[in-house]
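A.B. asks: Quick one: sequence and predicted model below, then my questions.
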Amino acid sequence: MKIQKTYTVLYIFSALFIALNMIGIYNDTYVFSLIPFAIILGFIAFFSLDKLMLVLLFFVPISVELSFFIPDIPVNLSLPTEPFLILTTGMFFLKLITEKQFDKKILSHPITIAIYIYLTWLLFTSITSEMKIVSFKYLMVRIWFIVSFYLLVTQLVVNRNNISKYIWAYTFGLLIAIAYTVIQHADAGFTQKSANYVMYPIFRDHTSYGAALAMILPAIFILKRFSKPMFNIRFMYWVVIAILIGALLLSYTRAAWLSLAAIFPIWLIVRLKIKLRTIIAVVLFLIALIAPMYMDIMHNLSKNQEVSSTDFSSHIKSISNISTDASNLERINRWKCAIRMFQERPIVGWGPGTYMFLYAPFQNSQDLTIISTNAHNNGNAHSEYLGLLAEAGFLGTLTYLAILITTLIVGFKLVNSSNDDFVKQITLFLLLSLITYYLHSFLNNFLDMDKIASLFWGFTAIIVAFDIEEKEKKKTHEYIKC
């Protein structure tokens, strides 16, 4: 009898689906055809969320924004990843309610607590926002990024094999994006000017593309060390590393080059076990040495006439050109606007995600460049820190900094205290990957993009998972000793 009822329900749903699909096709609407795929995805998400996550990561670097297909759409999404992320977030909360198996140590970890405070302040400033719909959309995007790429990943990487799967799933997608970009760039003659847009529509521009390349490189490099000692596997790693380096050079992203170069002395400090007080003493000495020469340095910078170009040497020199390089001058213009916006609303800011819509009146005529605009379709504050300052006040930037500082403290403490070489080395190089973005985000802000958020929150999650694992080991060791 029960089997008969099941078949009856199945026949009814099948008939409804066929009828709806026929009506849709007749009206040139094919959305109902997606229902079976949605049901299959729902089952995969509920019963095998880890596999769905790896599929999602593969698509992240090759996702395309909906606005590319439908210009001026009021709500923009990255396809296919953001619908996946919404589904993943929903399934996470459903499993949390039904199974109640989430590791509570993750929820009480210092980094997670810092994230709570950050999200709480974003919620408050969304309520006080000048553009509430924009701010709440911004907040929702942050939440599904953090749920999918942070909370879920802490559970995924309990199995250490999933760490390399996570990184490689993203890298395979990124290699497709690189192939597309290089083909487009070759058609344009590998010029510096074309390097700004040849990755579109996969990446918005060369800066976000460069940031992703800089973040993934240290992670792939350290995975090579722990790969199987087989010639074919090691050779594959070197080929991928060479492709990533070549793509980074061809991206002409100066901020990414600088951020990657900056992590080498950090690695050297850790490697040589130089003490913190020594580093502080050297920094203070350099400040005391450079401070009296500040005016001379600024004078020399103002005389620098190098502009962005295909010549790598000139392109690097143009980083310090604050007199004629349009890219640098426009970035300074955006920073000044962010500071003026902050000065007007220092406590709660103008609302998360609103900078690009509201900064135009804060531009001064003497700061405008040939690429300045009053429209809200050409970039943001070009700084994660100053953007938050304008949008969520000083507490917004402070709560974001709290996440970064807590991650660095937890990570470097783990590197210094762990006896597990895998934990020590992976943590160190993931920290270096994160630092490339911490530095890069002085000049750009991309945490609203799945391509960067997946690495930012995912690498942070792996460090948290390692930290909890190490604490559990110590507790077990102390218990055995007792």
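C.D. replies: Structure received. Numbering: from 1, shown residues only.
A.B. asks: so which helix or strand takes in residue 393?
C.D. replies: helix 384-417 (DSSP states H and E).
A.B. asks: got a list of what residue 353 touches?
C.D. replies: Taking Cβ atoms under 8 Å, 6 or more residues apart in numbering, we find residue 353 in contact with 131, 134-135, 137-138, 391, 448. Backbone N, C-alpha and C define where each C-beta goes, glycine included.
A.B. asks: Got a quick PyMOL command for the buried subset of those residues?
C.D. replies: The PyMOL selection below is limited to those of the contacts of residue 353 classed as buried (16 or more other Cβ atoms under 10 Å):
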select buried, resi 131+134+135+137+138+391+448
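A.B. asks: Just name the closest of the contacts of residue 353 to residue 429, please.
C.D. replies: Nearest to residue 429 among the contacts of residue 353: residue 448, at 25.6 Å, using Cβ to Cβ.
A.B. asks: Surely that closest one forms part of a helix?
C.D. replies: No: Residue 448: not assigned to a helix; according to DSSP: H, G, I helix; E, B strand; the rest coil it is coil.
A.B. asks: what's the pLDDT at it?
C.D. replies: pLDDT recorded at residue 448 is 89.
A.B. asks: tell me which element the nearest residue to it once chain neighbours are set aside falls in.
C.D. replies: Nearest residue to residue 448, sequence neighbours excluded (Cβ to Cβ, 6 or more residues apart in numbering): residue 141, at 6.2 Å. Assigned by DSSP H and E, residue 141 falls within helix 132-146.
A.B. asks: quick revisit: so which of the contacts of residue 353 comes closest to residue 272?
C.D. replies: residue 448 (37.6 Å).
A.B. asks: how near is the closest one to residue 110?
C.D. replies: 25 Å (Cβ to Cβ, to the nearest Å).
A.B. asks: if I read this right, residue 349 contacts residue 392, doesn't it?
C.D. replies: Yes: using Cβ atoms under 8 Å, residue 349 makes contact with residue 392 at a distance of 4.5 Å.
A.B. asks: For the helix holding residue 141, buried residues please.
C.D. replies: 134-139, 141-142, 144-146.
A.B. asks: Which strands and helices lie in contact with the helix or strand just after that helix?
C.D. replies: Per DSSP H and E, the first helix or strand lying C-terminal to helix 132-146 is helix 152-156. Judged by 3 or more Cβ pairs under 8 Å, 6 or more residues apart in numbering; DSSP states H and E, helix 152-156 is in contact with helix 49-59, helix 161-187, helix 450-481.
A.B. asks: Turn those into CSV, including distance to residue 353 and mean neighbour count.
C.D. replies: What follows is these, written out as CSV (distance: least, Cβ to Cβ, whole Å; neighbours: other Cβ atoms under 10 Å):
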stretch, distance to residue 353, mean neighbour count
helix 49-59, 23, 20
helix 161-187, 25, 18
helix 450-481, 14, 20
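A.B. asks: Next up, the contacts around the closest residue to residue 385 other than its chain neighbours.
C.D. replies: Leaving aside its sequence neighbours, residue 385 sits nearest to residue 397 (Cβ to Cβ, 6+ apart; 5.4 Å). Residue 397 makes contacts with 385-386, 388-389, as judged by Cβ under 8 Å, 6+ apart.
A.B. asks: switch to 6 Å and redo it
C.D. replies: The neighbours of residue 397, taking Cβ atoms under 6 Å, 6 or more residues apart in numbering as the test, are 385, 388-389.
A.B. asks: Residue 15: how many residues sit nearby?
C.D. replies: 10 (other Cβ atoms under 10 Å).
A.B. asks: Same question for the one 4 residues further on.
C.D. replies: Residue 19: 11 surrounding residues under other Cβ under 10 Å.
A.B. asks: Tell me which helix or strand comes right after the lowest-mean-pLDDT helix or strand in the chain.
C.D. replies: When the helices and strands of the chain are scored by mean pLDDT, DSSP states H and E, helix 312-317 comes last with a mean of 49. Sequence-wise, the next helix or strand downstream of helix 312-317 (DSSP H and E) is helix 326-344.
A.B. asks: what comes up buried for that following helix?
C.D. replies: 327-331, 333-338, 341-342.
A.B. asks: Same question for stretch 194-211.
C.D. replies: 194-200, 202-211.
A.B. asks: re the thing from before, show me how far the helix holding residue 141 is from its chain's centre.
C.D. replies: Between the centre of helix 132-146 and the centre of its chain there are 15 Å (Cα atoms, centre = their mean, to the nearest Å).
A.B. asks: That one vs helix 384-417, what angle?
C.D. replies: 20 degrees (axes from the mean of the first three to the mean of the last three Cα atoms, to 10 degrees).
A.B. asks: got the contact list for helix 132-146?
C.D. replies: With Cβ under 6 Å, 6+ apart, helix 132-146 has contacts from 85-86, 89, 122, 126, 129, 351-354, 453, 457.
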